[in-house]
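> Curious how this folds, go ahead:
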Amino acid sequence: MFLPLWSAVPFVLLLLLALALLEVLAPRWWSRLGNKSLVTAALAVPAAIHVLTVPHGPEALAHSVAEYVSFLSLLAALLVISGGIHIRGSLAGTPLANAGMLTIGAVLANVIGTTGAAMLLIRPFLRANAGRQHRAHLVVFFILIVANAGGLLTPIGDPPLYLGFLKGVPFDWTLRLWAPWLFVNGILIMVFNLADQFVVNREERQDVATGLMDQLIVHQPLRIDGKRNLLLLAAVVAVLLAKGAGLVPLVVADPALWVIAYASYRLTPRTVHEANHFSFGPIISVAVIFAAVFVTMTQPLLILNARADELGLHEPWQYFWATGALSSTLDNAPTYLAFTSVAAGQLGISVSDPTYLAALITVPAGNEALAAIACGAVMMGALTYLGNGPNLMVKEVAEERGVRMPHFFAYAGAALLVMLPVLVATGFLFFSTA
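The predicted model follows:
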């Protein structure tokens, strides 16, 4: 299906308005659900009407809607379940203990998603370091690792990977990305440990009388409230595995996730939700925005698929940097789909097949391109507050706890300073054809 370029305008405007300009320039206005609904509806409705009038358009739109329901089902289940698990107490706030907590977060992100892991761990992480004068760097590295780069190994880990799962990527395919996952997160954690030790040493020199290290060693015993949600989390993973193996049809899997989420909400004591400051606001906001994203991205994916050869992307390293660059300025989930559409088009694979990525990974060149796209989307989603959903959520929690976080451009500069050498090395080691 060949569509005119102007049919992608609603999608482009949505990304620019919803995920970039309004979030930065008018955050208070944009934070209101009614305003989000008006903007997204104004862009999504015309796009839906147009796609219904073109050949095979209704089928393509139906696939997008089905994917949206599956996407939202998983995200809602993970958010509700993680909101029912509360970690009381804290670890020590020493640089080594902090590095250990980031390591735990990098692993946990693959089990309950970057959003779930970030919301579960950020509060005990901040409590452990409550006595520190300078804490912004702690949150920056937390975003880089727990909210982004950590979630590379499973489709549950990060939204773009789950979209790939919906498009036909096997559940265990992402496990082959263990080498870049280990390389990037390992270096980031080592750099963090050195940076945190430097900050601690400087704070001790500035005020020896406070006995900072003695304060940081003190910790409160850890206790997990809402342990029954761990079983419900296992049930989510079981549903996804059964779905990926074809044992459970889509019409059963998605309702099952909603049932699990409802069970979590009903079984979790109110005190746990209150301790986590849990609300349905973030879920509803995501539902509104991504409904428009999935509807308006139907035309751009078809266009990119048809015009793939015109973009000049052929090598894995090119996909890695192109995907990452766009993911860092916009949301990484639609960016992932955009570039997988390009990769499929270059290999003559049509995105009209809802599971086109299953065909892509059977071709060596397609398999390499998909690995580069996945890594670029997940890793470089950390470079701005807008690159991945948990980034802004972590920032808001940190500011509620009195941490003075850098503004949008200052954060982007700090993240780029830390990540760029690591990303260059990653591109050269894993995606270079030289």
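> Quick check, A44 in contact with P10.
Yes: contact criterion C-beta atoms under 8 Å: A44 and P10 qualify, at 6.9 Å. Heads up, the C-betas are built off the backbone N, CA and C, glycines and all.
> any residues in contact with both of these two?
By C-beta atoms under 8 Å, 6 or more residues apart in numbering, A44 and P10 have these common neighbours: T296.
> Pull the contacting residues for the nearest residue to N148 once chain neighbours are set aside.
Closest residue in space to N148, ignoring its immediate chain neighbours: A382 at 3.6 Å, by C-beta to C-beta, 6 or more residues apart in numbering. If you count contacts by C-beta under 8 Å, 6+ apart, A382 has them with I143, L144, A147, N148, A149, S328, N388, N391, A415, M419.
> Could you provide those in a markdown table, with additional columns for pLDDT, distance to P55 and secondary structure?
Listed next are the contacts of A382 as a markdown table, based on pLDDT from 0 to 100; distance: C-beta to C-beta, whole Å; DSSP: H, G, I helix; E, B strand; the rest coil:
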| residue | pLDDT | distance to P55 | secondary structure |
| --- | --- | --- | --- |
| I143 | 96 | 44 | helix |
| L144 | 97 | 45 | helix |
| A147 | 94 | 41 | helix |
| N148 | 95 | 39 | helix |
| A149 | 96 | 41 | helix |
| S328 | 83 | 36 | helix |
| N388 | 82 | 35 | coil |
| N391 | 86 | 39 | helix |
| A415 | 95 | 44 | helix |
| M419 | 96 | 44 | helix |
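> of all those residues, which comes closest to V251?
N388 (29.7 Å; C-beta to C-beta).
> Phi and psi next, for that closest one.
With angles defined as degrees, to the nearest 10, N388 sits at phi -150, psi 150.
> how deep is it tucked in, by neighbour count?
31 (other C-beta atoms under 10 Å).
> how close does the residue nearest to it when sequence neighbours are not counted get to F431?
Nearest non-adjacent residue to N388, counting by C-beta to C-beta, 6+ apart: G381, 3.8 Å away. The gap separating G381 from F431 is 17 Å, by C-beta to C-beta, to the nearest Å.
> Give me the more crowded residue out of these two.
Neighbour count, other C-beta under 10 Å: between G381 and F431, G381 has more, with 34 against 21.
> Dihedrals phi and psi, that one?
Dihedral angles for G381 - degrees, to the nearest 10 - are phi -70, psi -10.
> Go through the contacts of A382 and give me the one with the most neighbours.
N148 (34 neighbours).
> And the residue nearest to N148, how far from M419?
7 Å.
> Quickly list what's touching both of these two.
With C-beta under 8 Å, 6+ apart as the test, A382 and M419 both reach L144.
> what sits against G389?
T115, P159, V286, D331.
> Sorry, slip of the keys, the one I care about is V169.
P155, L161, L357, A358, I361, L370.
> between these, which is closest to R205?
Closest to R205, out of all of these and judged by C-beta to C-beta, is L161, at 43.8 Å.
> for L383, helix, strand, or coil?
coil (DSSP: H, G, I helix; E, B strand; the rest coil).
> try R223
strand.
> roughly how far apart are it and L72?
32 Å.
> So, low pLDDT: which residues of the stretch 1-150 of the chain?
Scanning the stretch 1-150 of the chain with the threshold set as pLDDT under 70 gives 1-2, 15, 18-20, 89-92.
> And the helices in it, which stretches?
With DSSP state H, counting those that start in this stretch as the definition, the stretch 1-150 of the chain shows helices at residue ranges 9-16, 22-25, 27-31, 33-51, 57-83, 95-128, 136-144.
> Distance to T426 added to the ones you listed, as CSV?
As requested, the helices of the stretch 1-150 of the chain are exported to CSV (distance: least, C-beta to C-beta, whole Å):
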stretch, distance to T426
helix 9-16, 25
helix 22-25, 28
helix 27-31, 32
helix 33-51, 34
helix 57-83, 27
helix 95-128, 15
helix 136-144, 13
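> who wins for proximity to F408 among those?
Closest among the helices of the stretch 1-150 of the chain, using C-beta to C-beta: helix 22-25, at 5.5 Å.
> ok, back up a step: could you single out the nearest of the contacts of G389 to Q197?
T115 (29.4 Å).
> what's next to stretch 338-348, contact-wise?
Counting by C-beta under 8 Å, 6+ apart, 164, 167, 297, 300-302, 304-309, 311, 313-314, 319, 322-323, 326, 350-351, 356-357, 359-360, 363, 365-366, 369-370, 373, 376-377 sit against stretch 338-348.
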